[in-house]
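**Student:** fold the following for me, if possible:
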Amino acid sequence: MRISVIGAGAFGTALANLIARKGHDTRLWARETELVPEINRAHENAMYLPGVALESSLHAVASLDEAVAGAELVLLAVPSHGLRAIATALAPALPPNIPIVTVAKGIENDTLLTMSEVLEDVLPVERHPYIAIVSGPSFAREVAEGQPTSVTVAARWGRIARLVQTAFSNDVFRVYTSFDLVGVQYGGALKNVIAIAAGAAEGLGFGFNARAAIITRGLAEITRAAVHRGANPMTLSGLSGMGDLVLTCTGALSRNRALGQAIGQGKTLEELQRDRLTVAEGVVTAKAARQLADKYDIDMPISRGVHRVLFEGQTPKDAMDELLSRALKSEF
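**Tutor:** Numbering: from 1, shown residues only. Next up, the predicted model:
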């Protein structure tokens, strides 16, 4: 099967390598043109995935048209804030009737569209049933190293979900299917905001009790938001909900947790963004989370607190004190 991966960041490269290892004819588009000869000759992406040996059959390209020519499946592995622009550029060159899969985790600011809805907004209506979302607890480096990983693919058409499931699954990378596009995407997007809060609590010196509370109450507000938008609440107890939330709030490889931890220790967002190659998705999604809470009157106190710390000048300590001093109530 000829598969095109758009985006040579850490996760795009890891997935492209996994797909190539399975024997698919795999092309990887890199925005940074200097990565193309490095991947093709040295079989390494030293910028985003240093130290990982890439399959010699994985072919990198710098042209979007060349990347998708003859493709039987296209995987979009670009950040959520860049998905609209990439999809718009790709639309005229996409072959017809092929799955269009994205692993971007986010909610578009202002429009409050999920990533599948962004694709529907850009692509003609006949392509909409072919859109699929892959999400779940999956650090790029562990995927690249062949560590056991399980994720979920959501699509409107069962045959599209199953096609993606079959194309990506191997003996260590297991893919489950779902029809709940909303639940899978809300879990994947909003967990990044909660992970910033969990990291900030750690940076403040709080212990495991506080982290467990943030994860659990964070899941409650993610579920409230997702269900309000039409999700099945059970989805949020699965891989793309609780699974991804736990990983991102506790894993040492989590960029969102690390950013929150640094902020809890007194760093500013401006300092952290200046020193990093990539932006933690939770920073962008925190704005959308605040907009969601306001527009639909959803109780999302942790997400609101993260927004105040990142963009309104509140200190992490004051945000935590505010959470702990809220009126007492029943858990459910």
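**Student:** alpha carbons only for contacts and neighbour counts from here, please
**Tutor:** Fine.
**Student:** where does the chain dip in pLDDT?
**Tutor:** For the chain, the stretches flagged by pLDDT under 70 are 275, 277.
**Student:** check which helices and strands the longest helix anywhere in it sits against.
**Tutor:** In terms of residue count, the longest helix belonging to the chain (DSSP state H) is helix 181-203. Secondary-structure packing of helix 181-203 (3 or more Cα pairs under 8 Å, 6 or more residues apart in numbering; DSSP states H and E): strand 131-135, strand 149-155, helix 208-228, helix 244-250, helix 255-264, helix 281-296, helix 301-311, helix 316-324.
**Student:** could I get the ones you listed as CSV with distance to His43 and mean neighbour count?
**Tutor:** Supplementary listing: the helices and strands packed on helix 181-203 in CSV, determined by distance: least, Cα to Cα, whole Å; neighbours: other Cα atoms under 10 Å:
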stretch, distance to His43, mean neighbour count
strand 131-135, 25, 26
strand 149-155, 23, 23
helix 208-228, 38, 19
helix 244-250, 29, 24
helix 255-264, 25, 26
helix 281-296, 27, 21
helix 301-311, 38, 22
helix 316-324, 42, 15
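**Student:** tell me which of the ones you listed sits nearest to Asn97.
**Tutor:** Minimum separation from Asn97 across those (Cα to Cα) falls at strand 131-135, 10.2 Å.
**Student:** chain center to the next helix or strand after that closest one, what's the gap?
**Tutor:** Sequence order places helix 140-144 as the next helix or strand after strand 131-135, per DSSP states H and E. The chain centroid and the centroid of helix 140-144 are separated by 14 Å, computed with Cα atoms, centre = their mean, to the nearest Å.
**Student:** please name the residues that touch the closest residue to Leu239 other than its chain neighbours.
**Tutor:** The spatially closest residue to Leu239, leaving aside those adjacent along the chain, is Gly136, at 5.1 Å (Cα to Cα, 6 or more residues apart in numbering). Shown in contact with Gly136 (Cα atoms under 8 Å, 6 or more residues apart in numbering): Ser150, Val151, Thr152, Gly188, Leu239, Ser240, Gly241, Gly243, Asp244.
**Student:** what's Gly136 sitting at in phi/psi?
**Tutor:** The phi/psi pair for Gly136 (degrees, to the nearest 10) reads phi 150, psi 180.
**Student:** the closest residue to Thr149 other than its chain neighbours and Ile133: what is the separation?
**Tutor:** Leaving aside its chain neighbours, Thr149 sits nearest to Phe173 (4.9 Å; criterion: Cα to Cα, 6+ apart). For Phe173, the distance to Ile133 equals 16 Å [Cα to Cα, to the nearest Å].
**Student:** now do Glu145
**Tutor:** Distance from Glu145 to Ile133, by Cα to Cα: 23 Å.
**Student:** give me the most central residue, the protein.
**Tutor:** The residue lying closest to the centre of the chain (Cα atoms, centre = their mean) is Lys105, at 2.9 Å.
**Student:** pretty sure that one contacts Gly183?
**Tutor:** No. Lys105 is not in contact with Gly183 according to Cα atoms under 8 Å; the separation is 12.0 Å.
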